[in-house]
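*Asks:* here is a sequence together with a model predicted from it:
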Amino acid sequence: MSQEKLLLIPGPSPVVPRILDVLAKPTVSHVGPDMARDLKEACENLKKIVFCENGEPFIISGAGTLSMEMAVLNTVGPGDRVLVLSQGYFGRRMADICRAFGLEHDVLECEWGRAVTPRELEARLKEKNYNVVVCTHVDTATGAGAPVEEYSQVLEKTGSLFVVDGVCATGGVPERMDAWGIDVVLTAAQKCLGTPPGLAILVLSEPAMEKRRSLASIPAYYSDLLRWLPVMHDPAKYFSTPCVNEVRAFAEATRIILEEGIEERFERHDLFAEAIRAGLAALGFTFFTDPRFTASTLSVVRYPDGVDDKAFRSSLYENGVVVAGGLAQTLGKVFRMGHMGNLTSAQVRFAIEAVEKTLEGLGCRFKPGSGSEAVNKVLTA
C-alpha cells in the first residue's frame, strides 16, 4: 500500500485483483459465447442487487451521465412534466439534461447538506401533477442521502414514474425497486459496484418499459433503450459494440456482491462509514452533511481550524490516500472521502492512520492514536 495509493474519492472506488484479472483477459467477440454468458449473468445479478424480479436491466458502454440521460429520454414524452428533487450538484445536472432536450420540468431544491423531505415533496405534488419524478439517491457533492422509500410512499397514489439516480448508492445502499415502487434505477459501474468506469447501467420496471413503448420516438439513437433491448435478451445480437472486457469485469463484480450477500454488504457500508467518521471526529474534523441525511457511501468533511485544503490533500496523497476536494460552494472548505465498494477493514484503518500522519506533518495538535483507537472501537464492537 506504500507504493499504490488507496483511492478514497467518491468514485471510482478501489478495484480488487479478482476484477482486474478479468479486465486483463484477452478480448473476445462481442457477440460470442463468452461475452453472451457474462452479459446475461450480469443482467440477472443486477436485478437481484436492486431487488427487481421482472424488470429490464441494461448494461451499456458509457458513463453515469449517460445513464441519467437515458433514464429521462426513455420515460418522458411530449407534454410530460418532470419534477427533479435536487439536494446538490447532480440534481442540478438532471435538470440540465431536461433543459438540453427541451423537456418541461420543475426543480424542488433544498440547501446543500440535506435532502428534500417527503413532506416538501407532498406539498409540491398538491400544487401540480408530474408524469415523472426524479431524485438523486446520494449526492456525491454533499454526501446527503435522500429518503427514497418515503418518497415512494408519497408517490404511490400519483401515477408518476419514479426515477432514482443510484450512481453513488446502488450496491452499497438499499434500493428495493419492487417493494418501493421505483420505476428506474440508473447507476454506473465505478462506485459501490466496484468496477472501473465505463458502463452506464439501468434497470426499468414494467411500467417504465410500457411508457417507452408508448412513445412513437425519442430524441436519441444510441440512448434509445428499445435498440438495446434485443441485445440484453440475446447478447449474440448486435446494435453497437460494447466494451467487452468492462462488461465481463462487471459480471465478476456482481458475483462478488452476491457472494458477500447484499444485505451484509449494506451492513458493511454502514459499519465502515461509522468507523471512518468516528476516527475523523476523534481527530478534530466535523462533517458538512446534516446528520439526518448522511449516506453510508461517502463523507463530506470539514477541516479543523487552521488546516489548509490543498496542503492537507497533497500531504495525505504522499501518505498513501487519495481523497477529493469540494465542489462548487464547498470548494476549498471540505474534502470528500468515499468509503464504498469492495473496501476492507484494513483499508479503513490505513486511511485513518494516514490522516493522523498527515496532521502530524502539518504541525496540527491532536492526541496521537486517537483516530485509530476510535476506528478500532467501532470495528471490534
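*Replies:* Structure's in. What do you need?
*Asks:* what's the helix or strand for T158?
*Replies:* In the assignment (DSSP states H and E), T158 maps to no helix and no strand.
*Asks:* okay, now S299: neighbour count?
*Replies:* Other residues near S299 come to 25 when the count uses other Cβ atoms under 10 Å. Using the backbone N, CA and C atoms, a C-beta is placed for each residue, glycine as well.
*Asks:* now it: which helix or strand?
*Replies:* Following DSSP H and E, one finds S299 within strand 298-302.
*Asks:* pLDDT below threshold where in the stretch 101-250 of the chain?
*Replies:* For the stretch 101-250 of the chain, applying pLDDT under 70 flags no range at all.
*Asks:* all helices for it, in order.
*Replies:* In the stretch 101-250 of the chain, the helices defined using DSSP state H, counting those that start in this stretch lie at 118-127, 148-155, 177-180, 206-214, 225-233, 244-260.
*Asks:* could those be laid out in TSV, adding mean neighbour count?
*Replies:* Formatted as TSV, the helices of the stretch 101-250 of the chain follow (neighbours: other Cβ atoms under 10 Å):
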stretch	mean neighbour count
helix 118-127	14
helix 148-155	20
helix 177-180	18
helix 206-214	16
helix 225-233	17
helix 244-260	21
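*Asks:* for E56, which of those helices is the nearest?
*Replies:* For the helices of the stretch 101-250 of the chain, proximity to E56 was assessed by Cβ to Cβ; helix 206-214 is nearest, at 5.4 Å.
*Asks:* that closest one packs against which elements?
*Replies:* Packing contacts for helix 206-214, counted by 3 or more Cβ pairs under 8 Å, 6 or more residues apart in numbering; DSSP states H and E, involve strand 161-165, helix 225-233.
*Asks:* run the last query once more with 6 Å
*Replies:* Applying 3 or more Cβ pairs under 6 Å, 6 or more residues apart in numbering; DSSP states H and E, one finds that helix 206-214 contacts no other helix or strand.
*Asks:* touching it from outside, list them.
*Replies:* By Cβ atoms under 6 Å, 6 or more residues apart in numbering, the surrounding residues in contact with helix 206-214 are 54, 56, 74-75, 161, 183-184, 225.
*Asks:* buried among the residues you listed? Make that a ChimeraX selection.
*Replies:* To isolate the buried ones among the contacts of helix 206-214 in ChimeraX, judged by 16 or more other Cβ atoms under 10 Å, type:
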select :56,74,75,161,183,184,225
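*Asks:* save the helices of the stretch 101-250 of the chain as JSON lines, and put in distance to H269 too.
*Replies:* Compiled in JSON lines, the helices of the stretch 101-250 of the chain are given as follows (distance: least, Cβ to Cβ, whole Å):
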{"stretch": "helix 118-127", "distance to H269": "23"}
{"stretch": "helix 148-155", "distance to H269": "15"}
{"stretch": "helix 177-180", "distance to H269": "18"}
{"stretch": "helix 206-214", "distance to H269": "27"}
{"stretch": "helix 225-233", "distance to H269": "28"}
{"stretch": "helix 244-260", "distance to H269": "11"}
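*Asks:* which stretch among those helices comes nearest I352?
*Replies:* Closest among these, using Cβ to Cβ: helix 244-260, at 23.0 Å.
*Asks:* list of residues touching that closest one?
*Replies:* Contact with helix 244-260 is made by 19, 22-23, 27, 30, 35, 38-39, 41-42, 45, 171, 189, 193-195, 198-199, as judged by Cβ under 6 Å, 6+ apart.
*Asks:* how many residues are close by A354?
*Replies:* Neighbour count of A354, defined by other Cβ under 10 Å: 23.
*Asks:* how close does the residue lying closest to F51 once chain neighbours are set aside get to E259?
*Replies:* Closest residue to F51 apart from its sequence neighbours, by Cβ to Cβ, 6 or more residues apart in numbering: R176 at 4.2 Å. Counting by Cβ to Cβ, to the nearest Å, the gap from R176 to E259 is 20 Å.
*Asks:* ok, K126 next?
*Replies:* 46 Å.
*Asks:* one more: V164?
*Replies:* With the distance defined as Cβ to Cβ, V164 ends up 25 Å from E259.
*Asks:* got a list of contacts for the strand holding S299?
*Replies:* Under Cβ under 6 Å, 6+ apart, the answer for strand 298-302 is 10, 143, 277, 280, 285-286, 288-289, 334-338.
*Asks:* quick check, nearest of the contacts of helix 206-214 to G64?
*Replies:* V184 (13.4 Å).
*Asks:* who are the contact partners of the closest one?
*Replies:* Per Cβ under 6 Å, 6+ apart, neighbours of V184: 71, 163, 204, 208.
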